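Enquirer: Pasting the sequence and the predicted coordinates here, then a few questions.
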Amino acid sequence: MKKLLLFLASVAILNAQLSRITWAALSATGTTSGFNVPGSDVHTIAAIVTGSPSGCTLHLEGSLDGTNWFDISGDQTCTSNLMFHVVNRAVAQVRMNLTALTGGTAPTVTGWYLGHSTGAQK
């Protein structure tokens with residue numbers, strides 16, 4: 001019983017440290033709203049793509065102050081669904097920047113974010 005309680009407590013602590021968001025679908029180039037992820041240094045993005053665009057590029061941006069934004073992932077091609085990871089980039093906020101979206105039939109890109117801190121930046 002003690003092991004089960006310890007396991008459940010560990011899961012609750014881990015879940016409390018995760019940052020999750022689903023951004024609204026983008027149908028044109030631009031950025032999503034910023035999302036607070038204090039101290040997260042491990043980031044996973046899933047991009048769900050509809051409308052079969054012939055050209056699509058996005059990147060994850062990070063900020064320390066919510067005003068100045070920096071590309072922390074490099075360009076990611078998103079002509080179909082994709083998932084990518086960014087590590088060792090501690091930031092206070094993240095947002096998705098859709099820098100190209102062409103062709104297809106009414107294409108959209110929806111970004112899902114999951115991030116957490118490894119504690120390495122302490």
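Expert: Cool, got the structure.
Enquirer: in the protein, what spans have low per-residue confidence?
Expert: Residue ranges of the chain with pLDDT under 70: 1-16, 120-122.
Enquirer: mind listing what the nearest residue to residue 39 once chain neighbours are set aside touches?
Expert: Nearest residue to residue 39, sequence neighbours excluded (CB to CB, 6 or more residues apart in numbering): residue 117, at 4.6 Å. Quick note: C-beta positions are derived from backbone N, CA and C, even for glycine. Going by CB atoms under 8 Å, 6 or more residues apart in numbering, residue 117 touches 17, 39-42, 90.
Enquirer: Who wins on neighbours among those?
Expert: For the contacts of residue 117, the largest number of neighbours (other CB atoms under 10 Å) sits with residue 40, at 26 neighbours.
Enquirer: could you measure that one against residue 89, distance?
Expert: From residue 40 over to residue 89 the distance is 9 Å, taken as CB to CB, to the nearest Å.
Enquirer: Show me the contacts of residue 117 that map onto strands.
Expert: 39-42, 90 (DSSP state E).
Enquirer: Just flag the most distant two among these.
Expert: Longest distance between any two of the ones in strands among the contacts of residue 117 is 10.5 Å, between 39 and 42; criterion CB to CB.
Enquirer: what helix or strand does the spatially most central residue of the chain sit in?
Expert: Computing the C-alpha centroid of the chain and ranking residues by CA atoms, centre = their mean puts residue 113 first, at 3.3 Å. Following DSSP states H and E, the helix or strand that holds residue 113 is strand 108-116.
Enquirer: Which residues does that strand contact?
Expert: 14, 17-27, 32, 35, 37, 40, 42-51, 56, 58, 78, 94, 96, 98, 101.
Enquirer: Now that we have the ones in strands among the contacts of residue 117, can you turn them into a markdown table and tack on distance to residue 73?
Expert: Output for the ones in strands among the contacts of residue 117, formatted as a markdown table (distance: CB to CB, whole Å):
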| residue | distance to residue 73 |
| --- | --- |
| 39 | 18 |
| 40 | 13 |
| 41 | 13 |
| 42 | 12 |
| 90 | 14 |
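Enquirer: Which one of those residues is nearest to residue 82?
Expert: residue 42 (17.6 Å).
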